[in-house]
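Participant: kindly return the folded structure for what I paste below:
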Amino acid sequence: MNRAVKWMQKLKDRDTENQLQAYQAQAALIRARSYVAWDDGQLQAESRRLQQEAKSGTSLDELLVDAYALVCEVAKRTLGLQPYEVQIMAAIALHEGKLIEQHTGEGKTLSAVMPAYLNALTVEGVHVLTFNDYLAHRDAEWMGPIYRFLGLTASSVQAGMPLPEKQEAYAADITYVTAKEAGFDYLRDTIALDVEDTVHRPFHYVIVDEADSLLLDEARVPLVIAGESGTSGSSDLNLAEIARQLEPLEHYDFDESKRNVYLNEAGSATVEALLECGNLYETHNSSLLSALNCALHVEALLKKDVDYIVRDDRIELIDEYTGRVAENRHLPDRLQAALAAKEGLQSQTGGTILGTITLHHFIDLYPRMCGMTATAHAAALEFADGYELEVVQIPPNRPNIRIDHPRRIYTHKAAKLKALAHEISSIHRTGRPILIGTSSVEESDTLAEALAAADVPCHVLNAKNDAEEAGIIARAGEIGAVTVSTNMAGRGVDIRLGGGEPTQAEAVAKLGGLYVIGTHVNESVRIDDQLRGRAGRQGDPGASVFFVSLEDELPVQYGIDTWVRGLKQAEALEDPALQNKISHIQRVAMTQNFEIRKELNSYSDMVEDQRRLLYAERLAILHGRQSMSPTEQRVRLFYIDACWADHLAYVSYLREGIHLESLASRNPIDEFHAQITEAYEQIPDTIQQESEAMLNKLGGSTDPADWEAFGLKSPTSTRTYIISDQYLQNKRSSWTPMTVMAYWMRKIARPIFNLSKY
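Facilitator: I've put the predicted structure just below:
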């Protein structure tokens, strides 16, 4: 078996080598196509020629060498940047629709300009999807002079922009925008009642930056547009108080990975007594049971300063991959209300959901896609399975000389913290800059306190001060800098030795370069690699090491903490088998998360297929491609939207409890598909009936005032937000035996045998 695996890997390595050689040969042609002797006017005339060729139908592949050579020369003249051979190779792969892995500091931003320019020649528009507004604005401004010199327009979209400014930005040849804002704008377009209120044009070509974060980690995050919000009631506060009275194991159980929590028999009986509600599992108590489960979930599984923070009397969720506040993100409504109640806050619930789409499905709307990231190889199979994207590892411009030390593993957290403080203090005395990646806001604050006690000043970058992150990261390579950060995924800011100052950079290099310390291992190797990759950019010296405690979340979740059988010692453990075991559980965790994402796909894919069918009809009506009067058009659009909103509410209701089907030996996904298919098939008749009834009421009136009077208008206000997919991932069919017994006894046995108690 091992021989077969090695043989397959050898073939794969050979294919990769052949592919890179082909890119090198093409890059050589591009670098040989010199425009040095041309004046600016000649270069701009050449760009106009290429645009005309593309518009007339010439294949972009045929124009690639000339176009890329032109961009290289213009980049040098306008920005003083001469693309490296490896940047050109990356640009070729991007045009071919590949996902490139390009190390941190290797210049992905400039690599993307070449395929963006080439694909914008057809005047169909190119989108560069970034991780946050700061990066979208920065990259559009930074690379803008190249595009403008070549006769193209480039712009960025920012959240909160007025409609006319967004329309102008999306009309540009190249548009830099966050994936989420582009998705929200698409959702706003899907409920527009007039073409003039839309911003997107037909999608063409997209380059996805930070591709692993957007295409994997956040791919299943549902983007939502909703009507006016409501306010949660006092019942949530009451249920939060009841959840606080319940004890783990005595009243509720966890599944094996502690992703879910369930009432057991004793817990069900206790709750029934406290609420005086009778059988908790009777149909009339279904809403109460759902709300109680939410209260129990937030009480037992969500931790303040780990999963969320409270700021300005508001709940702000923390992104598990970046460690920052996940802007505009909510839990599903009932769970969000329960979390607010836990903290004694009033909750603004989401209102009627008018439209929703996951980032995966939104990005899938582009006919042509490519992506770039510093960490893709570890998830190559998932990219291939989910997006049919091939990963291409681009070699660095200069060899990577970073030293990656073995993990230092401690028996307990206190020993790890003490060792961390000692290590950081010792290194800091030499002046060498240190970057520390922590697992949570709570851990970063604890470490900062320990460093303060050791007289080590540090900058803390976490969800509480993320507005300052770019400046803090940029200074992290200066002499004496100590930066504590909750993960580095999607940060998008380069760390230069000495902060970019040559003399200081030389001094830092002599000290060994940036020293990166991880305070835990992540479920995903990719996230660890993102932190490591902050050191050793462009051939700089650097080092990395991870400190691990067997009391950390991942070792506890997979039972590694039992290896030491209660032993506590100050020194690091030396057992090589322990190193291998931690690497093994990371692979297991990545596989499990891959399977969870595939399962979530099974729920969301059919809903998205239904949405696209209905939206195709809506789009045809909006653009006047079916033959209708203005009144018929307005009525039809209104009821398409109303029926889809009702359908989404039903889908949400089903999704909340469909995992219970497994208790009756039915496949939850099959049941979900069957029920939403039946519901969707009723929509056309409902739209037709409601439309005919309204047209009769209007009596053929074409007066917009009459339309308004009968309610045929867009919502007076809408809000967009993101539903955290962590809860959806956790909502799986892994029940404990005691929970199954409690469910069957109270749901089935009580009504049949008329039992009031046991």
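Participant: for the rest of this, base every contact and every neighbour count on C-alpha atoms.
Facilitator: OK.
Participant: break this structure down into its domains, please.
Facilitator: Following automatic domain parsing, the chain resolves into domains at 2-223+359-393, 230-349+737-753, 403-574, 618-722.
Participant: the ones you listed: which one's closest to Lys581?
Facilitator: Nearest to Lys581, of all the domains of the chain, is domain 403-574, at 8.0 Å by C-alpha to C-alpha.
Participant: what are the ranges of the helices in the stretch 251-400 of the chain?
Facilitator: 265-275, 286-301, 333-342, 359-363, 380-387 (DSSP state H, counting those that start in this stretch).
Participant: figure out the helix or strand that Leu554 lives in.
Facilitator: For Leu554, the element it lies in under DSSP states H and E is helix 553-557.
Participant: next SSE downstream of that helix?
Facilitator: Assigned by DSSP H and E, the successor of helix 553-557 is helix 576-622.
Participant: on that earlier part again, would you format the domains of the chain as CSV with mean pLDDT, mean neighbour count and distance to His584 included?
Facilitator: Formatted as CSV, the domains of the chain follow (pLDDT from 0 to 100; neighbours: other C-alpha atoms under 10 Å; distance: least, C-alpha to C-alpha, whole Å):
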stretch, mean pLDDT, mean neighbour count, distance to His584
domain 2-223+359-393, 93, 19, 14
domain 230-349+737-753, 78, 18, 16
domain 403-574, 88, 20, 10
domain 618-722, 86, 16, 29
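Participant: for Ile596, which of these is the nearest?
Facilitator: So among the domains of the chain, domain 2-223+359-393 is nearest, using C-alpha to C-alpha, at 10.3 Å.
Participant: show me where the stretch 651-758 of the chain has helices.
Facilitator: Counting by DSSP H, counting those that start in this stretch, the helices of the stretch 651-758 of the chain are 668-681, 683-698, 704-709, 725-730, 737-744, 750-753.
Participant: now the first one and helix 576-622, what's the angle there?
Facilitator: Relative orientation of helix 668-681 and helix 576-622, computed by axes from the mean of the first three to the mean of the last three C-alpha atoms, to 10 degrees: 10 degrees.
Participant: any idea how far helix 668-681 is from the chain center?
Facilitator: Put simply, helix 668-681 sits 27 Å off its chain's centre (C-alpha atoms, centre = their mean, to the nearest Å).
Participant: then stretch 40-56?
Facilitator: Chain-centre distance of stretch 40-56: 38 Å, with C-alpha atoms, centre = their mean.
Participant: in PDB, list the C-alpha atoms belonging to that stretch.
Facilitator: These are the backbone C-alpha positions of stretch 40-56, laid out as PDB (Å, rounded to 0.1, in the frame of the first residue of the first chain):
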ATOM      1  CA  ASP A  40       4.300  56.000 -22.900                       C
ATOM      2  CA  GLY A  41       2.100  56.800 -25.900                       C
ATOM      3  CA  GLN A  42       3.300  53.600 -27.700                       C
ATOM      4  CA  LEU A  43       2.500  51.500 -24.700                       C
ATOM      5  CA  GLN A  44      -1.000  53.000 -24.400                       C
ATOM      6  CA  ALA A  45      -1.600  52.400 -28.100                       C
ATOM      7  CA  GLU A  46      -0.600  48.800 -27.600                       C
ATOM      8  CA  SER A  47      -3.100  48.400 -24.800                       C
ATOM      9  CA  ARG A  48      -5.800  49.800 -27.100                       C
ATOM     10  CA  ARG A  49      -4.800  47.300 -29.800                       C
ATOM     11  CA  LEU A  50      -5.100  44.400 -27.300                       C
ATOM     12  CA  GLN A  51      -8.500  45.600 -26.200                       C
ATOM     13  CA  GLN A  52      -9.700  45.800 -29.800                       C
ATOM     14  CA  GLU A  53      -8.300  42.300 -30.500                       C
ATOM     15  CA  ALA A  54     -10.200  40.900 -27.400                       C
ATOM     16  CA  LYS A  55     -13.500  42.600 -28.400                       C
ATOM     17  CA  SER A  56     -13.200  41.200 -31.900                       C
END
